[in-house]
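Participant: here is the input, now give the coordinates:
(2 chains)
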Amino acid sequence: MRRETQIRHGTVPDNLGGCVVKDGYHCMDGHQFLLRGHGFACYYSKGAGVTVQIDDAERTGELELHLAGTVHAAIACINGLYPLHASAVVAGGRVFAISGPTGAGKSTLAAALARRGFALFADDVLTIDLSTDPPSCLPGHKRMKLWPEGLKLAGAEAMGLVSPDYPKYFVTSKGSEVDGPLPLGAILFLEQGPETQLCALHGGERLTHLRDGHYTTQMFECAMGDHVGELFILLANLANAAPFYRFIRPFEPGNFEDMLDFIGCQLERIAGK
Amino acid sequence: MTAIRKCPAAFVETDIDDERILISLDSGEFFSLQGTGLAFWQAVDGMRDVAAIITALAAEYGVSAARITADCEGFLEQLRNFGFVEIDRAGG
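Facilitator: The predicted model follows:
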């Protein structure tokens, strides 16, 4: 992934295989990926790395956001790796993925756990190699982006605005020493609810949680093309490799530290099994 | 002869925990089988007809065949609709 995600500046095409990609859209075609934003664009070709074109310097933060998210996920897919829409921390030498839709609080929870001593492993996209047994997690981007309310909860310091149109902030992060592959400890799917609880997912529920609404899984399915059965077996292997949980908690800032106490203990418990 | 046989070109199956998960290669939908549904699926061996399968399941669960016939036939109809099984009427 390091080689494939190397960046150079240059001119990015406006089409992929003859199909024009408008600003605000992206397209994957075989071993290529094109993303065009407003004021920037990225093009990836397998073996040739990423070419970026910046037409509006004010959009550099947004470009960085896409490079760490959508583009990173696309590169993983094209190279046979599964990108889970998740931030991740390490406990007991294993990776705990915190997954959920945009705005669910993945980065905020990961940043807060990092403050409590859990090493940060990836933000926004966790890349998993499904070809190994058990599947192994590859370290990812660690420069976190948080919404203003997330900054306060996580006790993080704002470094700069991502974009005027996307008011997340880059945050200071000392990063972590974790720089090699680690086994998956568990996947936590974030939900909002009245009481803090961790509920184990069972059987087919695990697959539905991997598929439901995750743009990264849809991207992986697109990259796999007609290999529906092969994709199914890969995701089933992932589902069998580690426990999956629904992590339900209220969105009440006053209870955030109690919630952290709870989930920190649970991660230690699961990691110790 | 009306043996029921699976159509392996229509699905891929695997186990997660105690569930058998099938994906339709046509639609991409997947299905979870457990309990009696899984027992019925496992009994489809390409040799027996539905009556023989019902008799075997009734004996296994200690109930009368009449009690489970409607459920089994309904389930078989679902499996046929998804293309996961077919009834061999050719005398195979």
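Participant: what's the spacing between the residue most central in space within chain B and A:Leu234?
Facilitator: Centroid check for chain B by C-alpha atoms, centre = their mean gives B:Trp41 as the closest residue, at 3.4 Å. Distance check for B:Trp41 against A:Leu234: by C-beta to C-beta, to the nearest Å, it reads 23 Å. (Each C-beta comes from the backbone N, C-alpha and C, glycine too.)
Participant: which of the three states applies to the nearest residue to A:His214 once chain neighbours are set aside?
Facilitator: In space, not counting the residues next to it along the chain, A:His214 is nearest to A:His85; the distance is 4.7 Å by C-beta to C-beta, 6 or more residues apart in numbering or on different chains. Under DSSP: H, G, I helix; E, B strand; the rest coil, the three-state class of A:His85 is strand.
Participant: buried ones in the longest helix along chain A?
Facilitator: Among all segments of chain A classified by DSSP state H, the helix with the greatest residue count is helix A:256-271. Residues of helix A:256-271 classed as buried: A:Phe256, A:Met259, A:Leu260, A:Phe262, A:Ile263, A:Gly264, A:Gln266, A:Leu267, A:Ile270, A:Ala271 (neighbour count, 16 or more other C-beta atoms under 10 Å in any protein chain shown).
Participant: ok, now stretch A:189-199?
Facilitator: Neighbour-count burial for stretch A:189-199 flags A:Phe189, A:Leu190, A:Thr196, A:Leu198 (criterion: 16+ other C-beta under 10 Å).
Participant: any chance of the residues you listed in CSV, plus distance to A:Val125 and secondary structure?
Facilitator: CSV is the format used below for those (distance: C-beta to C-beta, whole Å; DSSP: H, G, I helix; E, B strand; the rest coil):
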residue, distance to A:Val125, secondary structure
A:Phe189, 16, strand
A:Leu190, 15, strand
A:Thr196, 26, coil
A:Leu198, 23, strand
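Participant: export those to CSV and tack on distance to chain B?
Facilitator: Below are the buried residues of stretch A:189-199 laid out as CSV (distance: C-beta to the nearest C-beta, whole Å):
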residue, distance to chain B
A:Phe189, 16
A:Leu190, 22
A:Thr196, 25
A:Leu198, 17
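Participant: and the residue of the stretch 51-200 of chain A closest to chain B?
Facilitator: The stretch 51-200 of chain A approaches chain B most closely through A:Ala200 (9.9 Å), counting by C-beta to the nearest C-beta.
Participant: please name the nearest non-neighbouring residue to that residue.
Facilitator: If the residues on either side of it in the chain are set aside, A:Ala200 comes closest to A:Tyr245, at 5.7 Å by C-beta to C-beta, 6+ apart.
Participant: can you get me a residue count around residue 87?
Facilitator: Using chain A. In terms of burial, A:Ser87 registers 31 neighbours under the definition other C-beta atoms under 10 Å in any protein chain shown.
Participant: look at chain B instead
Facilitator: B:Ile87 has 14 neighbouring residues, counting by other C-beta under 10 Å.
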